[in-house]
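In: my questions are about this predicted structure, shown below with the sequence.
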Amino acid sequence: MNFSKEFTLLLKARYPVIYVFSTEEERVEYYIKAASRNLNVSRTMYIWDFIDGYKNNPNDNGFGSKNPLQALELIEKLLPENPALFVLKDFHLFLNDVSVLRKLKNVIKSIRNQNKTIVIIASEVAIPDSIKDMVSLVEFTLPEPKEIKAELLRVQKSLGSFLPENSIDILIRSCQGLSLERIRKVFSKIITMYKEINVESLDVIFKEKKQIISQTKILEFCKSTENMSDIGGLENLKSWLKKRAGALSQRAETYGLPSPRGLFLVGVQGTGKSLTAKAIANEWKLPLLKLDTGKLFGSVLGESESKMRQTIQLAEAMSPCILWIDEIDKAFGGSLSKGDSGTTSRILATFITWLSEKKSSVFVVATANDIHYLPSEIIRKGRFDEVFFIGLPTLEERKLIFKVHLSRLRPKSWGLYNTTLLSEITKNFSGAEIEESIVEAMHTAFNENREFNELDIANSIKEFVPLAYTSQEKISSLQDWALAGRVRLASSKK
């Protein structure tokens, strides 16, 4: 259900308070006015903000200026038989005041059987616990393609030049996920730079989206230079990814191929899960967004859920893209037992519902070190396209890992090192631990003003205590779970 239909339904049902989450006040006002016109009984609209007080009504202009209590008093003073709609901008900022909150409760009680509705427009969700059952939260969605097209055609008309339909479609798709205000600003920037709007200006739109990402402090825009060749082994996983390399392209969409949902990588620490996420983005030539799950959780009721919705919205704004959720088990592990009033469960529900229903070209790569603490519904079929287990590298994979690291560090002389011998003595080492043993050998040789050699690496390996020994029980349990046939193995050899 879109915003207009849902808002109109709430008005007809005489909900006392509607909380609209949006940063686009002008667009919200426009849609509210349009929705009110669809009612059987017309309502007088009163619009209030902290500086100017009430506007749009000559008898009450300026009333309640810098006084949120007075803003609520006007609602009580109006006769019950006068249908009205009260739009209060940024009113969420005053709900932590005891007197304002108490007054709002009293007002809600008094207008419950009247044809009056309070609409709070807020840029964030901040609803106190004491009124959460009295308030209906409605999210105001970003502009739909037809609204973006109307804006684009308006700008083109003012410039006196028009693009072919296929170019318009490309521009509309690139603008999806931006607010109407940002679309107008980016169009102005393009016109200033190029004197016209064309498909060559897509880079300006992309940079605007990157700026939005940096402002959220939830998502991080990552630069990726890694390739699949930088990953030793994992042939089954690489083969699976190779088949889907073009699945998010326009050609795939024209072909009728559904956009892939994503990939879940579970396995031992240091085995290349994060490296794989980066390599996918670079190989597929797509932007990589990393979600910091720790920043999702806020202290205010509804804030965490709002951040999750914002994350989804931003990821879809950047589509096609890769959304990387690193160590998802730390965010949602044991969600049913967390004492956070159900916040984690609600965030998880929002996330997996989106995973199941999303139509956008957002490929989700989630990684986890321990599957046992995650709720089973997160890896249920239909959430991700596939779940792969990345275990400790085999002998052949260790040879490849040594080759990858040594050829990067010593591109001309790496062949002088006996990678077969080094691979044999690094049983139960992860890829990250192999890399660290090479780095330790380099430190030793550098301190002695000489080139590091095979013996230096072997000595550092002898002194190294891998995670497989310090967390033996945990890793064995994880490997047994994977080998029981519950997931696909990333490596071609067990």
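Out: Perfect, I can see it now.
In: identify the residues contacting the residue nearest to residue 201 when sequence neighbours are not counted.
Out: Distances taken as Cβ to Cβ, 6 or more residues apart in numbering place residue 190 nearest to residue 201, at 4.3 Å, with adjacent residues excluded. C-beta here means a position set from N, CA and C on the backbone, and glycine is covered the same way. Going by Cβ atoms under 8 Å, 6 or more residues apart in numbering, residue 190 touches 196-197, 201, 204-205.
In: likewise residue 444?
Out: Per Cβ under 8 Å, 6+ apart, neighbours of residue 444: 452, 456, 459-460.
In: repeat for residue 317
Out: 142, 176-178, 209, 212.
In: what about residue 45, which SS state?
Out: Three-state assignment for residue 45 (DSSP: H, G, I helix; E, B strand; the rest coil): strand.
In: from the contacts of residue 317, which is closest to residue 437?
Out: residue 209 (41.0 Å; Cβ to Cβ).
In: wait, doesn't the closest one sit right on residue 178?
Out: Yes. If you go by Cβ atoms under 8 Å, residue 209 and residue 178 touch, sitting 7.0 Å apart.
In: now list the buried members of the contacts of residue 444.
Out: Burial by neighbour count, judged by 16 or more other Cβ atoms under 10 Å, picks out 452, 456, 460 from the contacts of residue 444.
In: can you list which of those residues are found in helices?
Out: Secondary structure defined by DSSP state H assigns 456, 460 of these to helices.
In: need the worst-confidence member of the contacts of residue 190.
Out: Comparing pLDDT over the contacts of residue 190, residue 201 scores lowest. The value there is 79.
In: if we can go back for a sec, JSON lines for the contacts of residue 444, including distance to residue 30?
Out: Putting the contacts of residue 444 into JSON lines (distance: Cβ to Cβ, whole Å) gives the following:
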{"residue": "452", "distance to residue 30": "68"}
{"residue": "456", "distance to residue 30": "70"}
{"residue": "459", "distance to residue 30": "72"}
{"residue": "460", "distance to residue 30": "66"}
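In: re the thing from before, as JSON lines, the buried ones among the contacts of residue 444 with distance to residue 8 and pLDDT would be great.
Out: Formatted as JSON lines, the buried ones among the contacts of residue 444 follow (distance: Cβ to Cβ, whole Å; pLDDT from 0 to 100):
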{"residue": "452", "distance to residue 8": "72", "pLDDT": "95"}
{"residue": "456", "distance to residue 8": "74", "pLDDT": "95"}
{"residue": "460", "distance to residue 8": "69", "pLDDT": "95"}
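In: so which of the buried ones among the contacts of residue 444 is the closest to residue 446?
Out: residue 452 (7.5 Å).
In: could you find the closest non-adjacent residue to that closest one?
Out: Using Cβ to Cβ, 6+ apart, the closest residue to residue 452 is residue 445 (3.5 Å).
In: list the contacts of the one you found.
Out: Contacts of residue 445 (Cβ under 8 Å, 6+ apart): 451-453, 456.
In: and which of these is nearest residue 25?
Out: Closest to residue 25 out of these is residue 452 (62.4 Å), distances taken as Cβ to Cβ.
In: run a quick neighbour tally on residue 115.
Out: Residues lying near residue 115 (other Cβ atoms under 10 Å) number 16.
In: so it versus residue 317, what's the distance?
Out: In this view, residue 115 and residue 317 are 38 Å apart by Cβ to Cβ, to the nearest Å.
In: doesn't residue 366 make contact with residue 261?
Out: No. Applying Cβ under 8 Å as the test, residue 261 and residue 366 come out as separate, 10.6 Å apart.
In: mutual contacts of these two, please.
Out: Joint contacts of residue 261 and residue 366 (Cβ under 8 Å, 6+ apart) are residue 384.
In: residue ranges for the strands of the stretch 201-350 of the chain, please.
Out: 219-222, 262-267, 288-291, 321-325 (DSSP state E, counting those that start in this stretch).
In: out of those strands, nearest to residue 397?
Out: Using Cβ to Cβ, the nearest of the strands of the stretch 201-350 of the chain to residue 397 is strand 262-267, at 12.7 Å.
In: which other helices and strands does the closest one contact?
Out: helix 273-284, strand 362-368, strand 386-390 (3 or more Cβ pairs under 8 Å, 6 or more residues apart in numbering; DSSP states H and E).
In: pick the most buried one from the ones you listed.
Out: Stretch with highest mean neighbour count among those: strand 362-368 (a mean of 25; mean count of other Cβ atoms under 10 Å).
In: number of nearby residues for the nearest residue to residue 369 once chain neighbours are set aside?
Out: Sequence neighbours aside, residue 269 is the residue nearest to residue 369 in space, at 5.3 Å (criterion: Cβ to Cβ, 6+ apart). By other Cβ under 10 Å, 15 other residues sit near residue 269.
In: of all residues in the protein, which one is nearest the centre?
Out: residue 311 (2.9 Å; Cα atoms, centre = their mean).
In: contacts only, for that residue.
Out: Per Cβ under 8 Å, 6+ apart, neighbours of residue 311: 216, 218-219, 291, 296.
In: how far away is it from residue 39?
Out: Residue 311 sits 35 Å away from residue 39, going by Cβ to Cβ.
In: with residue 491 instead?
Out: In terms of Cβ to Cβ, residue 491 sits 63 Å off from residue 39.
In: looking at those two, which one has more neighbours?
Out: Neighbours per residue, other Cβ under 10 Å: of residue 491 and residue 39, the larger number sits with residue 491, 20 against 14.
In: quick one: which helix or strand includes the more buried one?
Out: Assessed by DSSP states H and E, residue 491 sits outside every helix and strand.
In: that older thread, how about a markdown table for the buried ones among the contacts of residue 444, with distance to residue 29 added?
Out: Converted to a markdown table, those look like this (distance: Cβ to Cβ, whole Å):
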| residue | distance to residue 29 |
| --- | --- |
| 452 | 68 |
| 456 | 70 |
| 460 | 66 |
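In: on the three-state scheme, residue 133 is what?
Out: Classification of residue 133 using three-state DSSP returns coil.
In: now it. Its backbone dihedrals?
Out: phi -80, psi -10 (degrees, to the nearest 10).
In: can you report how many residues lie near it?
Out: 8.
In: from residue 418, how far off is it?
Out: Distance from residue 133 to residue 418, by Cβ to Cβ: 70 Å.
In: go on, residue 292?
Out: Relative to residue 418, and taking Cβ to Cβ, residue 292 is found at 42 Å.
In: hey, where'd the strands end up in the stretch 51-200 of the chain?
Out: Taking DSSP E, counting those that start in this stretch as the test, the strands found in the stretch 51-200 of the chain are 53-55, 84-89, 116-122, 135-139.
In: picking up where we left off before, so the residue nearest to residue 369 touches residue 370, yeah?
Out: No. At 9.5 Å, residue 269 does not count as touching residue 370 under the criterion of Cβ under 8 Å.
In: about what we covered before: make a markdown table out of the strands of the stretch 51-200 of the chain and add mean neighbour count, mean pLDDT and distance to residue 20.
Out: Converted to a markdown table, the strands of the stretch 51-200 of the chain look like this (neighbours: other Cβ atoms under 10 Å; pLDDT from 0 to 100; distance: least, Cβ to Cβ, whole Å):
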| stretch | mean neighbour count | mean pLDDT | distance to residue 20 |
| --- | --- | --- | --- |
| strand 53-55 | 19 | 91 | 18 |
| strand 84-89 | 23 | 94 | 9 |
| strand 116-122 | 24 | 95 | 5 |
| strand 135-139 | 17 | 91 | 5 |
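In: right, and the ones you listed - which one's nearest residue 16?
Out: Using Cβ to Cβ, the nearest of these to residue 16 is strand 116-122, at 6.4 Å.
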